[in-house]
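Enquirer: sequence isn't available, so here's the structure alone:
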């Protein structure tokens, strides 16, 4: 009887219902906690592009979220630098919830571009730096991060990179402060005012780097190339927005 | 027919004298996989995750806990159901039980330890295909009582855990110069300790694991046939 087809079908049917029910219960029950973890993760990586990492790591989750609410003001723009407030369905867009990955799959002109403004601690209306998301392809898989620019939108004040699976000890070093600190103070425009971005050069221990270059990672030239492309692409996408900020037309926002 | 089997079972229970909770046979269920019948070093199972997650101690510890949890509970569940599971679909049933438990672990990790979820993400999912778990279900839980199956799960789980923790200990020490992210060499005054990039790579895990197997086999005298 245990081996009859009827019994097998009954057994698997009951098993499927129990297993399915259990998993959907777990998924429903854990959803709020998961959402909070993801929110915290996004917000701390945005903050880490302008803040000291060691200090950020010492902060408790609630302190990070509080800090974020106090210091970051966000908005979403399109490729022409116009502010987008509602999606096609007329629902308000939250910059933190814009998935850079999903937008990356669209054409650049159809994407949404979030901007996170780091406000001054003394004067909450004064922008201290502009933080932009980045997304691209490393050697093995996706890489992403944030770049923070100064008020004039010309100089990098900090970057935070992350990666899915770059080679440990080689390309994975883009996730370390050691590499990221090399970008601080580098300029993204040349003397003619053209966007040249900041390039990671080949090899490590290079001397005589100019203000648009950072030292490379030994053994990870291809990851470096991925980072260069990612940085240049995204800085390029935000050019119209930058122009508007500089001309003062969206400065109030 | 069903009453017959019930009666048969009753007889069996009467015939066997009660066995101690930790009788010699049961202790062996736990101690064998720790050394002489270790799932990694002797059975050479679960190598994939042993290589992948052992760069640092912390993710390794989380992975060990996850594997012990999955192996113990899937052993228990399969053992409880062993007389109900239709023989022809038993592998599917085993897989379903393992996959459910693994998904639960992964969801909990995502909710309460997102950092670790990011590091271990794919590998927690791969516990499903970890041959140690399936192997124990098929070879042990399908034919043994629940309590013995729990012991067997604990034994295999810890057998797996201590090996990957040992590998991770050496890999993190030489590869990153730290233990549980605590910079040990700086703590004892060596500031210019040169970390070994090989240890961070999978090659490092192969080497440490190879040495472990060598040391262990020279002690137990185990040889491949």
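Expert: The structure has been received and is ready for your questions. Remember, predicted model here, so these are calculated numbers, not experimental data. Residues are numbered from 1 along each chain as shown, chains lettered A, B, ... in the order given.
Enquirer: how many other residues sit next to residue A:3?
Expert: Look at residue A:3: counted by other Cβ atoms under 10 Å in any protein chain shown, it has 9 neighbours. To be clear about C-beta, it is placed using only N, CA and C from the backbone, and glycine gets the same treatment.
Enquirer: wait, it sits on residue B:89?
Expert: No: the pair residue A:3 / residue B:89 is not scored as a contact, 10.1 Å apart, by Cβ atoms under 8 Å.
Enquirer: chain A contacts on chain B?
Expert: Residues of chain B lying close to chain A (Cβ under 8 Å from any Cβ of the partner chain) are B:1, B:55, B:84-89, B:92-93, B:96-97, B:100, B:103-104, B:107-108, B:110-112, B:114-115, B:117-118, B:175, B:197, B:200-201.
Enquirer: the same query, at a cut-off of 6 Å, please.
Expert: Within chain B, the positions near chain A by Cβ under 6 Å from any Cβ of the partner chain are B:86, B:89, B:96, B:100, B:103, B:104, B:107, B:110, B:111, B:114, B:197, B:200.
Enquirer: can these go into a markdown table with extra columns for secondary structure?
Expert: Converted to a markdown table, those look like this (DSSP: H, G, I helix; E, B strand; the rest coil):
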| residue | secondary structure |
| --- | --- |
| B:86 | coil |
| B:89 | helix |
| B:96 | helix |
| B:100 | helix |
| B:103 | helix |
| B:104 | helix |
| B:107 | helix |
| B:110 | helix |
| B:111 | helix |
| B:114 | helix |
| B:197 | helix |
| B:200 | helix |
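Enquirer: which of those lies closest to residue A:85?
Expert: Nearest to residue A:85 among those, counting by Cβ to Cβ, is residue B:114 at 29.5 Å.
Enquirer: burial measure for that closest one, as a count.
Expert: Neighbours of residue B:114 under the rule other Cβ under 10 Å: 18.
Enquirer: wait, it sits on residue A:42?
Expert: No: applying Cβ atoms under 6 Å, one finds residue B:114 not in contact with residue A:42, separated by 10.3 Å.
Enquirer: and the lowest-mean-pLDDT helix or strand in chain A, which residues are buried?
Expert: Lowest by mean pLDDT, DSSP states H and E among the helices and strands of chain A is helix A:53-58, with a mean of 79. Buried residues in helix A:53-58, counted by 16 or more other Cβ atoms under 10 Å in any protein chain shown: A:53, A:56.
Enquirer: show me where pLDDT drops low in chain B?
Expert: Within chain B, the stretches with pLDDT under 70 are B:1-18.
Enquirer: for it, which helix is longest?
Expert: In chain B, assigned by DSSP state H, the helix with the most residues is helix B:146-176.
Enquirer: ok now that one, how far from the chain's centre?
Expert: Mean-position distance between helix B:146-176 and its chain equals 6 Å (Cα atoms, centre = their mean, to the nearest Å).
Enquirer: chain center to the following helix or strand past it, what's the gap?
Expert: Using DSSP states H and E, the helix or strand that follows helix B:146-176 in sequence is helix B:184-187. Mean C-alpha position of helix B:184-187 versus that of the full chain (Cα atoms, centre = their mean) differs by 31 Å.
Enquirer: ends of stretch A:132-144, how far apart?
Expert: 11 Å (Cα to Cα, to the nearest Å).
Enquirer: show me what counts as buried in that stretch.
Expert: When burial is assessed from 16+ other Cβ under 10 Å, stretch A:132-144 yields the following buried residues: A:132, A:133, A:134, A:135, A:136, A:138, A:139, A:140, A:142, A:143, A:144.
Enquirer: got those residues as CSV, with pLDDT and secondary structure columns?
Expert: Listed next are the buried residues of stretch A:132-144 as CSV, based on pLDDT from 0 to 100; DSSP: H, G, I helix; E, B strand; the rest coil:
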residue, pLDDT, secondary structure
A:132, 92, strand
A:133, 92, strand
A:134, 92, strand
A:135, 93, strand
A:136, 92, strand
A:138, 89, coil
A:139, 89, coil
A:140, 85, coil
A:142, 90, strand
A:143, 92, strand
A:144, 91, strand
